[in-house]
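Novice: need a 3D model of the sequence below.
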Amino acid sequence: MSNFNITSIKTSSNGAWQGDNPLNFAFPLLIVQTTLILVLSRFLAFLLKPLRQPKVIAEIVGGILLGPSAFGRNKDYLLRIFPSWSMPVLETVASIGLLFFLFLVGLELDLSSIRRSGRKAFGIAFSGISLPFICGIGVAFVLRKTVDGADKVGFGQFLVFMGVALSITAFPVLARILAELKLLTTPLGEVAMAAAAFNDVAAWILLALAVALAGNDSGDHKSPLLSIWVLLSGVAFVVFMLLVIRPAMKWVARRCSPEQDVIDGTYICLTLAGVMVSGFIADLIGIHAIFGAFIFGLTIPKEGEFAERLIERIEDLVSGLLLPLYFASSGLKTNVAKISGGKSWGLLMLVISTACAGKIIGTFTVALMFSMPVRESLALGVLMNTKGLVELIVLNIGKEKKVLNDEIFAILVLMALVTTFITTSTVMAIYKPARGSSSLARRKLRDLNNTDDSKDELRVLACLHGLSNVPSIISLIESTRSTKTSQLKLFIMHLVELTERSSSIIMVHRARRNGLPFINRLRKGQWHDRVAGAFRAYSQLGRVSVRSTTAISALSTIHEDICDVAETKKVTMIVLPFHKEWRGEGDLQNVGHGWRLVNQRVLKGAPCSVAVLVDRGFGNGAQTPQPISTVSQRVCILFFGGPDDREALELSGRMAEHPAVKVAVVRLVEKEGLERDGAMLRPSSTKSTEKNYSFSTARMNSEIENELDEAVVAEFRSKWDGMVEYLEKTASNIVEEVLGLGQCGDYDLIIVGKGRFPSLMVAKLADLQTEHAELGPIGDLLASSGRHVLSSVLVIQQHDTAHAEETPVAKVVQNDFDKLKGDGTAGLGEISKVV
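Specialist: Just a heads-up that it's a prediction; the model follows:
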């Protein structure tokens, strides 16, 4: 098999029935190789996920395992699955992926933002490159004297390759690590990203220099004059791309803007062809095709939708399918067995320690000079030591040009693995961003109302999934904007799911300087007009202050970002969008179960009151509400009693002050003769929070709760008499009464309490079939599908540490109410709760 004549290889077989072995043909074998690589890399990524390692680690390790270091020790496997004749095919497909990935890296790297980064980022990047580069040259002297065959390579190119290998910072991998550690939007993250961007540009310049100095594939040396010609041609190519192609791509981007309404398929195809042509020209010059793709990516305008559409078209295919092939081909060249004996392992330790020391000390020293704290400076040094894909590209080019032999290549690959692997855990041990103290925070609306400080602010954190949440959130916040009492400070948080797409991190970071979520930069037409315009109008109203931020995290941890901001900003209430969206008609459409889990975690761990907004077109009439005198919104508060309902009533009082909001309070009471029918709640045997409603386990005195309810209602009626409609309804069937209010269409918004310590009427609903148990019985009734409810719903949970512990319950009807009532107190934490 190893003596195959590559010119005789056929693409596809005639099939096993005709006696052909598919593994002897290029295309079927490529399918097998790709499948094996993808399955192994995904499995390793799953194993490394608890360690918060970037995916690149799993892909590099997977490649090494598939190569001669592990599985490849079985010669039959190597000859059958990865025969030598198949490697050019695999590497060609992988190189196409690499070409487009470097185009994406250039596309995501904003040169204008690098220029604005300032002296701090430039100084840190310069020291983070220069000191490791000098250390790399020192290590190169040692390796040339100790590794067999290392001195056969030209002195200059070997020094440059070693310097570049030790001084690189992997920009995309660093962004991933910062996002995983929730440091991307902190000052440390901003400095690290800006310095890494400088580093990235310098690395490509140095790599182009190294390739220009390197010999050809046969290991022959180039004359100095030839290297100079290659460098000059490379400079001319870059100048041509920036001066000629860049304006042309700006014209193309304008043609593809939403205002032009032009079908952009042709321009997308021409741009992708431009990537290929740029790569060919760079290869023709002699500075490697990937450099051409990277420069072409820099010419694409970062504003507008054109860049986003390019990324959407190619990123998943490139990063999900083709890049793992490149890592595998790198691993197949890596033979850890070449590192044998104490001398080789000593050289590995030398290279790792030198790389870490040079990068960390260089960055740490200059960061201290810029007055950064010691822990922050040290963490920055560790972050800048991140290696990854760019490092592998440099090493592969070095091996391809015969600058690096097998032993040095294996040493440097392991160095890249180790330095990246230790980054996350080391930074977590060194640095934790300071969280603001919340000792003075107003935890719930009732606390805010009871303060004597008339200038106290209502602070609201409103979260957005996307564009569809904007009108309803704005309308809700506007309706709570009290015109008489305390001012309103609004914090907008755009929730961005951290996916495997690097653009989801880098684009958000790049647009943070706008002060609005990154969609404002990418979708100027819709987002800028509707979001920024509405927020700007808010600020002009005088009593509203708007601040925006972006949370970029995995859905499993994004609730931590929400709660941290609420804690830091001393927020009184968090407003969450429901995990189902209204599309204009019919039932609500699910946008993802993950967002439901986010809401559940926030409800459980929030440091303040929480409101979940189930939107059915609330506020779609006007994108920028104005304080008009005519009634434009009709709001109904359903009051049954309990802490959550009292919080809902408190919110309605703020709405009653708004001239454009008409508030009605409906209090449902049972018919006489039914009030003695008690309901006993016991912990559910299934312990399922999906199938059963959860109520508080706290011991509470029912009589005191009833007195509080009556006092709050009396105070509310006296304060808002004549401004708020108050109705008391007797109900024999609570479900019909509640659904009737939701189905009648008389109200734009219905506000209910979650009811964690339920009244007697609400407790009787505990055995209903649940759909959204986290909303409580009443909220679930109004939010469930198939009920034909027309109104939007706001479910409020009052912050109270006494109610933090909840347990799923089941209802047991108990007619002998007096016998179980006892002294009026009960708790689910014991045996049962009687209401």
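Novice: which elements pack onto the strand or helix carrying residue 761?
Specialist: Using DSSP states H and E, residue 761 sits in helix 760-763. Helix 760-763 sits against strand 661-670, strand 678-683, helix 776-783, with contacts defined as 3 or more C-beta pairs under 8 Å, 6 or more residues apart in numbering; DSSP states H and E. Using the backbone N, CA and C atoms, a C-beta is placed for each residue, glycine as well.
Novice: show me how far it is from its chain's centre.
Specialist: How far helix 760-763 lies from its chain's middle: 40 Å, per C-alpha atoms, centre = their mean, to the nearest Å.
Novice: switch to numbering from 785
Specialist: New numbering, starting at 785: the last item is helix 1544-1547.
Novice: convert the C-alpha atoms of it to CSV, please.
Specialist: The C-alpha coordinates for helix 1544-1547 follow below in CSV (Å, rounded to 0.1, in the frame of the first residue of the first chain):
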residue,chain,number,x,y,z
LEU,A,1544,-56.2,29.3,49.6
MET,A,1545,-57.6,29.8,46.2
VAL,A,1546,-54.3,29.5,44.4
ALA,A,1547,-53.3,26.4,46.5
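Novice: rounded mean pLDDT for that helix, please.
Specialist: Computed over helix 1544-1547, the mean pLDDT rounds to 77.
Novice: would you mark the buried spots in that helix?
Specialist: The neighbour-count check on helix 1544-1547 (16 or more other C-beta atoms under 10 Å) flags 1544-1547 as buried.
Novice: got it, and stretch 936-952?
Specialist: Neighbour counts over stretch 936-952 (16+ other C-beta under 10 Å) mark 937-938, 940-952 as buried.
Novice: from the residues you listed, which is closest to residue 1418?
Specialist: Closest to residue 1418 out of the buried residues of stretch 936-952 is residue 952 (61.4 Å), distances taken as C-beta to C-beta.
Novice: what does the pLDDT read for the closest one?
Specialist: 86.
Novice: these two touch, right, it and residue 1179?
Specialist: No: in this structure residue 952 lies outside contact range of residue 1179 using C-beta atoms under 8 Å: 10.0 Å.
Novice: middle-most residue in this structure, spatially?
Specialist: residue 1282 (2.3 Å; C-alpha atoms, centre = their mean).
Novice: now distance to residue 1347 too, for the helices and strands packed on helix 1544-1547, in JSON lines please.
Specialist: As requested, the helices and strands packed on helix 1544-1547 are exported to JSON lines (distance: least, C-beta to C-beta, whole Å):
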{"stretch": "strand 1445-1454", "distance to residue 1347": "29"}
{"stretch": "strand 1462-1467", "distance to residue 1347": "27"}
{"stretch": "helix 1560-1567", "distance to residue 1347": "20"}
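Novice: how far out from the middle of the chain is stretch 1508-1520?
Specialist: Using C-alpha atoms, centre = their mean, the offset of stretch 1508-1520 from its chain centre is 44 Å.
Novice: check stretch 1488-1499 too.
Specialist: 44 Å.
Novice: what's it in contact with?
Specialist: 1423, 1425-1427, 1429-1430, 1433, 1451, 1541, 1543 (C-beta atoms under 8 Å, 6 or more residues apart in numbering).
Novice: which of the residues you listed fall within strands?
Specialist: Members of the contacts of stretch 1488-1499 lying in strands (criterion: DSSP state E): 1423, 1451.
Novice: from residue 964, how far out is the residue nearest to residue 1152 when sequence neighbours are not counted?
Specialist: Nearest-residue entry for residue 1152: residue 1161, 5.2 Å, with adjacent residues in sequence omitted and distances by C-beta to C-beta, 6 or more residues apart in numbering. Separation of residue 1161 from residue 964 (C-beta to C-beta, to the nearest Å) stands at 21 Å.
Novice: try residue 1163
Specialist: 14 Å.
Novice: so for those two, which residue has more residues nearby?
Specialist: Higher neighbour count among residue 1163 and residue 964: residue 1163, with 29 against 22, using other C-beta atoms under 10 Å.
Novice: can you tell me the helix or strand for the more buried one?
Specialist: Counting by DSSP H and E, residue 1163 is found in helix 1158-1168.
Novice: return the list of helices and strands in contact with that helix.
Specialist: So helix 1158-1168, by 3+ C-beta pairs under 8 Å, 6+ apart, packs with helix 902-930, helix 955-964, helix 971-997, helix 1125-1153, helix 1190-1214.
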